[in-house]
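[1] Pasted the sequence and its predicted model underneath.
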Amino acid sequence: MCLAADLLLADTIVVCKKCEISTIVEGVKMARDYDTVLVRKGTYKEVNILIDKPLVLKGENYPVIDGELKGEIITITSDNVTVDGLFIINVGTSYTVDYAAVRVIKSENFLIQNLVLEKLFFGIYLEKARNGRVYHNNIIGDAEEEYNSGNGIQLWYSNNIEIDQNIITHVRDGIYLEFSDNCTIINNRSSENLRYGLHFMFSNNDLYSNNTFEDNGAGVAVMFSKGIKMYENTFKNNWGTAAYGMLLKEINDSEIMRNTFQQNTVGINIEGSNRITYSNNNFIGNGWAIKFRGACYLNNFKENNFLYNSFDLSYNSKLNDNKFEGNFWSSYTGYDLDKDGVGDIPYRPVKLFSYVVNRTPEAIILLRSLFVDIIDFSEKVSPVFTPDNLVDIRPRMKQIVHDRN
């Protein structure tokens, strides 16, 4: 029978405490393909709800499903499933099983939306799923230690997934992807998580846009991937001895454009990442705007604003083939005699003192001293410890206005 005919024959099964069908497990079991199981307001103490047929599980006025810490709550193994409008609490915690509020296994064309998840281990877990959407969910964990907490939204070997307009807080990693390609992560807010607001590895050709990652333990980690596009995101207030707005490790052939890195210990920490375009980004009030850790080649930095960072760049090699051109540097003191908006002398963004601090962190106490000005000036005149070709040959005289539309 075709899908259109199935939908025409679909029915609605009502679940409520005083109804003939009083449990969600029973309602799902009785439903036929493409039926809607409508759950009325109330509290349902249930666990291991298996959805193995195409249907809609919809809550009316946010009914509560309380797993009583016994295990996983909803598991989806069928294509064409929608879960909508539920309040799910008390997911079981285990050191051997990744229990989730909602798990999707080897399914496609699914929609998980308008859920409120609290007191969870893992929130929404996609396992070998594809062509689905996770939309407008509020995920609030109570994680205190990394070893016994899970992630808010996790993708594992899941492709062509859209994650849109979710709020994730107080979990281990807000959004985690591993071996998940061609995904779109947009309009989410991931904050106050124990480790990372976003963490992905071995995941290629993904788009991350208009997300906010704020006040997370270590920031955002982007690792072992290629073809990444990160546009118009905000990385803010990620502070700590091992914290950064974003860590890039072995990322290649990607674009990082129109993002804001504000008040992080390090804006971007870069290691082994090549052929990346960094353009139209704002680096504002960070400890270090950008730290190069080595093995970074053929990267292009253009039309970025570097505003009032303690250090704009940290670089640990004498060799450089990265290109800096047309950026605005708030600490640039050059002149523009021909009034074309471009400084007449190149700007050297790597200061000797940042080199010193990398090797002797305790030296940071001298940051505002006259000694720092003297050694930075000497390195500027005659570079010895920093690459002599690491210069912005066309520094902008005025802050660049970026259009984020």
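    Perfect, I can see it now.
[2] pLDDT below threshold where in the protein?
    1-9, 352-386, 404-405 (pLDDT under 70).
[3] Now do the helices in it.
    3-9, 24-30, 352-359, 370-381 (DSSP state H).
[4] mind listing the strands for the stretch 251-400 of the chain?
    Per DSSP state E, counting those that start in this stretch, the stretch 251-400 of the chain carries strands over the ranges 260-262, 266-271, 274-279, 282-284, 288-292, 300-302, 305-307, 311-314, 323-325, 328-329.
[5] got those strands as TSV, with distance to Ser209 columns?
    Just so you know, the C-beta spots here come from the backbone N, C-alpha and C atoms, and that holds for glycine as well. Below are the strands of the stretch 251-400 of the chain laid out as TSV (distance: least, C-beta to C-beta, whole Å):
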stretch	distance to Ser209
strand 260-262	13
strand 266-271	17
strand 274-279	15
strand 282-284	16
strand 288-292	21
strand 300-302	20
strand 305-307	19
strand 311-314	26
strand 323-325	25
strand 328-329	23
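[6] okay, these in CSV with mean neighbour count next?
    As requested, the strands of the stretch 251-400 of the chain are exported to CSV (neighbours: other C-beta atoms under 10 Å):
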stretch, mean neighbour count
strand 260-262, 23
strand 266-271, 25
strand 274-279, 19
strand 282-284, 23
strand 288-292, 25
strand 300-302, 18
strand 305-307, 23
strand 311-314, 24
strand 323-325, 19
strand 328-329, 22
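[7] And the ones you listed: which comes nearest Ser203?
    Shortest distance between Ser203 and these, using C-beta to C-beta, is found for strand 274-279: 16.0 Å.
[8] any idea how far the closest one is from the chain center?
    Counting by C-alpha atoms, centre = their mean, to the nearest Å, strand 274-279 is centred 18 Å from the centre of its parent chain.
[9] Stretch 216-231 too?
    Centre-to-centre, stretch 216-231 and its host chain are 7 Å apart (C-alpha atoms, centre = their mean).
[10] do the same with stretch 268-280
    Mean-position distance between stretch 268-280 and its chain equals 16 Å (C-alpha atoms, centre = their mean).
[11] now the end-to-end length of it.
    Taking C-alpha to C-alpha, to the nearest Å, the first and last residues of stretch 268-280 lie 14 Å apart.
[12] Contacts for that stretch next, please.
    Contacts to stretch 268-280, defined as C-beta atoms under 8 Å, 6 or more residues apart in numbering, come from residues 244-258, 261, 289-304, 400, 402.
[13] try stretch 100-113
    With C-beta under 8 Å, 6+ apart as the test, stretch 100-113 has contacts from 67, 72-85, 88, 91, 115, 117, 120-137, 150, 154.
[14] ok, now stretch 14-34?
    3, 6-7, 9-11, 13, 37-40, 42, 44, 46, 48-51, 53-55, 57, 65, 80.
[15] ok, 7 Å please
    6-7, 10, 13, 37-40, 42, 44, 46, 49, 51, 53-55, 57, 65 (C-beta atoms under 7 Å, 6 or more residues apart in numbering).
[16] Pull out the buried residues from those residues.
    10, 13, 37-39, 42, 44, 46, 49, 51, 53-55, 57, 65 (16 or more other C-beta atoms under 10 Å).
[17] Let's see which of the residues you listed end up in strands.
    13, 37-39, 44, 49, 51, 57, 65 (DSSP state E).
[18] Could you tell me which of the contacts of stretch 268-280 count as buried?
    Those of the contacts of stretch 268-280 that meet the buried threshold are 244-258, 261, 289-293, 296, 299, 301-304, 400, 402, by 16+ other C-beta under 10 Å.
[19] Distance check, the closest residue to Arg195 other than its chain neighbours against Leu115.
    Excluding the flanking residues, the one nearest Arg195 by C-beta to C-beta, 6 or more residues apart in numbering is Gly217, at 4.9 Å. Distance of Gly217 to Leu115, given as C-beta to C-beta, to the nearest Å: 25 Å.
[20] Those two: which is more packed in?
    Ranked by neighbour count (other C-beta atoms under 10 Å), Gly217 and Leu115 place Leu115 first, with 26 against 18.
[21] Now do the phi/psi pair for that one.
    In terms of degrees, to the nearest 10, the main-chain angles of Leu115 are phi -100, psi 150.
[22] what is Val350 paired to in the beta sheet?
    When bridges are called by DSSP bridges, Val350 pairs up with Leu313.
[23] surely it meets Lys318?
    No. Counting by C-beta atoms under 7 Å, Lys318 is not a contact partner of Val350; they are 11.0 Å apart.
[24] quick one, which of these two is more surrounded?
    Ranked by neighbour count (other C-beta under 10 Å), Val350 and Lys318 place Val350 first, with 25 against 13.
[25] And the more buried one, how far from Gln262?
    On the measure of C-beta to C-beta, Val350 and Gln262 end up 21 Å apart.
[26] Same check on Glu68?
    Glu68 is 42 Å from Gln262, where distance means C-beta to C-beta.
[27] for Asn131, same thing?
    When distances are taken as C-beta to C-beta, Asn131 and Gln262 turn out to be 35 Å apart.
[28] Ok, Arg32 next?
    Distance, Arg32 to Gln262, by C-beta to C-beta: 53 Å.
[29] Appreciated, that's everything.
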